[in-house]
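**Student:** next comes the sequence, and after it the predicted model I'd like to discuss.
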Amino acid sequence: MNRFHVLVAVHDLDASIAFYSKLFGQTPSRQEIDYAKWMLDDPRVNFAISARGHEAGVNHLGIQSDTAEGLAALRQLADAAASGDVLPDSGAACCYAQSDKHWTIDPQGLAWEHFHTLRDAVQFGQDTRTQTGACCIPLRAEA
């Protein structure tokens, strides 16, 4: 089954965690010094916030698949929507998880991520010393 994903860049992580915890009626399922995530079941949403340097607001949208087969089906949809302009990102370490994923950009320039999480990770991304973005959107997607 798939789960809708939203990542919002925030300036004040603590205030945002307090707000969204009350809004969703639950505490984050994962919380770090620069990141928090709620895995909501009704509706099925992976809602994450990050205080990693982007302008506040929606950073990207996505769909999380529970299976590799589901991710492959999402890739076919992304290829059709973006005329094949899809950037694969297999085994990516981002947002305290390792995932197989791909990215595309909608006509307004909004990044879309389809991903299948393989395992949790202890760091935000592959190199947390140089990573300042709210998420690991490929440079092409941020243009």
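**Tutor:** Okay, I see it.
**Student:** pull the longest helix from the chain.
**Tutor:** Under DSSP state H, the helix in the chain containing the largest number of residues is helix 68-81.
**Student:** low pLDDT regions in the protein?
**Tutor:** Scanning the chain for pLDDT under 70 picks out 121-143.
**Student:** need the strands for it, in chain order.
**Tutor:** 2-9, 30-32, 35-41, 44-50, 57-65, 87-94, 97-105, 111-120 (DSSP state E).
**Student:** can you give me how far the second one is from the chain middle?
**Tutor:** Counting by Cα atoms, centre = their mean, to the nearest Å, strand 30-32 is centred 14 Å from the centre of its parent chain.
**Student:** which strands and helices sit next to it?
**Tutor:** Helices and strands touching strand 30-32, by 3 or more Cβ pairs under 8 Å, 6 or more residues apart in numbering; DSSP states H and E, are strand 35-41. Glycine gets a C-beta too; all of them are placed from N, C-alpha and C.
**Student:** hey, C-alpha coordinates of the strand it packs on in PDB?
**Tutor:** The C-alpha coordinates for strand 35-41 follow below in PDB (Å, rounded to 0.1, in the frame of the first residue of the first chain):
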ATOM      1  CA  TYR A  35      13.900  16.600  11.800                       C
ATOM      2  CA  ALA A  36      10.600  15.100  12.900                       C
ATOM      3  CA  LYS A  37       8.300  12.600  11.100                       C
ATOM      4  CA  TRP A  38       4.700  11.500  11.800                       C
ATOM      5  CA  MET A  39       3.500   8.300  10.200                       C
ATOM      6  CA  LEU A  40      -0.200   8.900  10.200                       C
ATOM      7  CA  ASP A  41      -2.700   6.100   9.400                       C
END
